[in-house]
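[1] missing the sequence, but the structure's below:
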């Protein structure tokens, strides 16, 4: 469970950023037993109307500014040794 204080963007990958950077093709990314969760305050949407330099439309442009970014992640899992359900809370609070 992720509790947010403002809207945010995220993606989840079954590989690390290092795996992604080292691979030249998707079939070169190794299988893993973990998940990489990328949480972003916001992402600027696609460019203009083409792929060769048209500026981002005004409604999708993110001007440079400082922002406060907070979220809480509540992770639920079962302990592999004891079989007991448990949870862990991760608090994140940062000025960007």
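    Everything's here; your move. Since the structure is predicted, the reported quantities are computational estimates derived from the model, not experimental observations.
[2] Pick out the residue nearest the middle of this protein.
    Taking C-alpha atoms, centre = their mean, the centroid of the chain lies closest to residue 38, which sits 1.7 Å from it.
[3] Now that one: which helix or strand?
    Secondary structure assignment for residue 38, by DSSP states H and E: strand 36-40.
[4] who does that strand touch, helix- and strand-wise?
    strand 9-13 (3 or more C-beta pairs under 8 Å, 6 or more residues apart in numbering; DSSP states H and E). For the C-beta atoms, the positions are set from N, CA and C on the backbone; glycine is no exception.
[5] Kindly provide the distance from the residue nearest to the residue nearest to the centre of the chain when sequence neighbours are not counted to residue 29.
    Using C-beta to C-beta, 6 or more residues apart in numbering and skipping residues adjacent in sequence, the residue nearest residue 38 is residue 11, 4.8 Å away. From residue 11 over to residue 29 the distance is 15 Å, taken as C-beta to C-beta, to the nearest Å.
[6] thinking again about what came up before, the strand holding residue 38 pairs with which strands, parallel or anti?
    When pairing is defined by DSSP bridges, strand 36-40 lines up against strand 9-13 (antiparallel).
[7] Quick check: buried residues in the helix or strand just after the partner strand?
    As assigned by DSSP H and E, the chain's next helix or strand after strand 9-13 is helix 17-22. Buried residues in helix 17-22, defined by neighbour count with 16 or more other C-beta atoms under 10 Å: residue 19.
[8] what is the mean pLDDT for helix 17-22?
    In this model, helix 17-22 has a mean pLDDT of 91.
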